[in-house]
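A.B. asks: dropping a prediction and its sequence here:
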Amino acid sequence: MNVSKTNREYHKTYKHFVSKNLIKYTIIILVSITLFNCGNDDDTNVEQNQLLGKWEVTSGAFLESQPKYLIFNTDNTISFLFENDLGFKGTDKIDYTVSGSEIEINVQGFESFQYTLSQNTLSISDGSSTLQLIKNESAPTSEDWIQELSVLSEGDAPWSGDVDIAFTYDKTKIVYGMNDTSTYIPFIDPVTFTEVGLFGTPNIAKVVEVEKFEIPDRYLFQSNGNSNLIRVSSIDGSGTPFNLEVETKIVGMASVDLDYLWVASNDDEGSLNLVNVADRAIEQTIPLGFSKVNGLDYQNDFLYVAAGVYLHKCQTTPTFKAVASYKVPNFEMQGIAFDGVNFWASGYDETDSYKLIKTSLTL
């Protein structure tokens with residue numbers, strides 16, 4: 001037997017065995033280290049991950065506001081869903097980060113809040129007030145809370161300004177309010193967005209509305225600048241104009257029928273007033289609690305309220321309540337009107353250009 005040869009083969013085999021197992025053990029060690037580090041990362045992120053999802057507010061306030069739901073999103077943002085006592089909804093979306101027991105929320109710059117998390121309950125405190133929440137994955141999404149409308153057509157408004165609009169009774173022309181001194185109210189073609197007629201007036205008719213009544217001499221209601229007076233005249237020019245007076249300046253109007261007219265105001269945090277046209281008296285006043293209300297329209301027993309970036313559909317009986325809320329992305333609504341199929345809005349886009357738009361909203 002050749003001992004030297006046998007030893008060489010043994011050492012070769014042993015060297016291969018050691019090398020193979022050394023690689024194997026090295027891989028095991030590296031995997032263990034990786035898993036250990038991943039476990040540590042999970043420990044540092046577990047609290048933040050537990051915040052993700054939908055939370056319902058059970059009590060308290062957040063910086064003097066009272067959201068109804070908070071949604072912690074995977075992109076490090078929080079969606080705040082608001083609703084006031086009358087059902088008017090709103091949303092806000094802001095950035096946040098978590099460090100230990102602190103959550104930093106970007107409220108015009110990041111501010112630190114203390115939070116505690118115990119199973120499905122969450123508390124967020126700013127030192128003076130505490131928001132209490134409970135996990136609720138059946139809560140609405142931001143998309144359900146405020147429904148997004150699309151723009152079917154749009155054109156440049158004939159003039160700039162915060163004005164209301166209406167449609168003529170035959171739905172062929174837009175009656176466009178005036179923001180500056182003028183001697184007439186223009187009628188706009190909704191296809192070409194050009195002026196195709198006019199109605200002479202001595203007023204600065206920022207707010208306009210056409211009466212819902214089945215006779216040729218139906219009323220045209222118009223405001224006068226920022227006053228609390230409504231000029232009422234027959235749209236065909238017949239009859240003698242007269243004035244209605246409400247207690248606050250007018251920003252929107254909506255005809256209900258022959259007898260009643262809804263009038264909106266931004267004074268004293270906003271209000272809606274139901275005016276008896278025949279008696280020339282206010283029969284009902286609804287304080288809104290916010291001063292962003294603008295144009296109005298009344299269709300199919302619901303009052304539609306344009307309020308900046310939101311449009312609210314409201315029932316008026318048996319009690320007043322907003323039942324749905326909408327928005328057009330990157331558009332702030334000043335006026336609202338119905339063409340028989342779709343709702344239109346006057347307002348301005350993200351470039352501050354004043355537009356008339358036809359929305360996807362129908363009855």
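C.D. replies: Thanks, I have the structure now. Numbering: from 1, shown residues only.

A.B. asks: who does Trp262 form a beta bridge with?
C.D. replies: Ala254, Leu274 (DSSP bridges).

A.B. asks: per-residue pLDDT, it?
C.D. replies: Trp262 is assigned a pLDDT of 98 by the prediction.

A.B. asks: do the same with Asp217
C.D. replies: 77.

A.B. asks: what are the buried residues along stretch 83-98?
C.D. replies: By neighbour count with 16 or more other Cβ atoms under 10 Å, stretch 83-98 contains the buried residues Glu83, Leu86, Gly87, Phe88, Lys89, Gly90, Thr91, Tyr96, Val98. (Glycine included, C-beta is placed from N, CA and C.)

A.B. asks: would a markdown table of those residues with pLDDT be doable?
C.D. replies: Converted to a markdown table, these look like this (pLDDT from 0 to 100):
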| residue | pLDDT |
| --- | --- |
| Glu83 | 97 |
| Leu86 | 97 |
| Gly87 | 97 |
| Phe88 | 97 |
| Lys89 | 97 |
| Gly90 | 96 |
| Thr91 | 97 |
| Tyr96 | 96 |
| Val98 | 93 |
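
A.B. asks: low-confidence ranges in this protein?
C.D. replies: Residues of the chain meeting the criterion pLDDT under 70: 1-48, 181.

A.B. asks: I'd assumed Asp144 was in a helix, is it?
C.D. replies: Yes. Under DSSP: H, G, I helix; E, B strand; the rest coil, Asp144 falls within a helix.

A.B. asks: how much space between it and Ile94?
C.D. replies: From Asp144 across to Ile94, the span is 20 Å (Cβ to Cβ, to the nearest Å).

A.B. asks: cool, Phe338 as well?
C.D. replies: 35 Å.

A.B. asks: cool, Ser138 as well?
C.D. replies: Remark: distance between Ser138 and Ile94 (Cβ to Cβ) = 24 Å.

A.B. asks: likewise Ala307?
C.D. replies: The value you get for Ala307 to Ile94, if Cβ to Cβ is used, is 21 Å.

A.B. asks: and if you look at Ala324?
C.D. replies: The gap separating Ala324 from Ile94 is 25 Å, by Cβ to Cβ.

A.B. asks: same question for Ala61.
C.D. replies: Using Cβ to Cβ, we find Ala61 at a distance of 16 Å from Ile94.

A.B. asks: can you tell me the helix or strand for Asn49?
C.D. replies: Take DSSP states H and E as the rule and Asn49 turns out to sit in helix 3-51.

A.B. asks: check which element follows that helix along the chain.
C.D. replies: Counting by DSSP H and E, what follows helix 3-51 is strand 53-59.

A.B. asks: what packs against that following strand?
C.D. replies: Judged by 3 or more Cβ pairs under 8 Å, 6 or more residues apart in numbering; DSSP states H and E, strand 53-59 is in contact with strand 69-72, strand 130-135.

A.B. asks: so of these, which one's packed in deepest?
C.D. replies: Ranked by mean neighbour count, those are led by strand 69-72 with a mean of 21 (mean count of other Cβ atoms under 10 Å).

A.B. asks: within its sheet, name the partner strands of the first helix or strand past that strand going along the chain and how each one runs.
C.D. replies: Going down the chain from strand 69-72, the next helix or strand is strand 77-83, by DSSP H and E. Next to strand 77-83 in the sheet, as set by DSSP bridges, lie strand 69-72 (antiparallel), strand 89-99 (antiparallel).

A.B. asks: and of the helices and strands packed on strand 53-59, who's closest to Cys314?
C.D. replies: Proximity to Cys314, assessed across those by Cβ to Cβ, is greatest for strand 69-72 (21.2 Å).

A.B. asks: can you pull the phi/psi pair for the residue nearest to Asp259 when sequence neighbours are not counted?
C.D. replies: In space, and not counting its chain neighbours, Asp259 is closest to Ala278: 5.3 Å by Cβ to Cβ, 6 or more residues apart in numbering. Taking degrees, to the nearest 10, you get phi -60, psi -40 for the backbone angles of Ala278.

A.B. asks: same thing with the one 5 residues further on?
C.D. replies: For Glu283, the backbone dihedrals (degrees, to the nearest 10) come out as phi -100, psi -20.

A.B. asks: that one is in contact with Leu272, isn't it?
C.D. replies: No. Applying Cβ atoms under 8 Å, one finds Glu283 not in contact with Leu272, separated by 11.8 Å.

A.B. asks: more neighbours, the two?
C.D. replies: Leu272 (23 against 11; other Cβ atoms under 10 Å).

A.B. asks: how close does the nearest residue to Asp217 once chain neighbours are set aside get to Gly335?
C.D. replies: Computed as Cβ to Cβ, 6+ apart, the closest residue to Asp217 that is not its neighbour in sequence is Ser234, at 4.1 Å. For Ser234, the distance to Gly335 equals 22 Å [Cβ to Cβ].

A.B. asks: run a quick neighbour tally on Thr168.
C.D. replies: When neighbours are defined as other Cβ under 10 Å, Thr168 has 17 of them.
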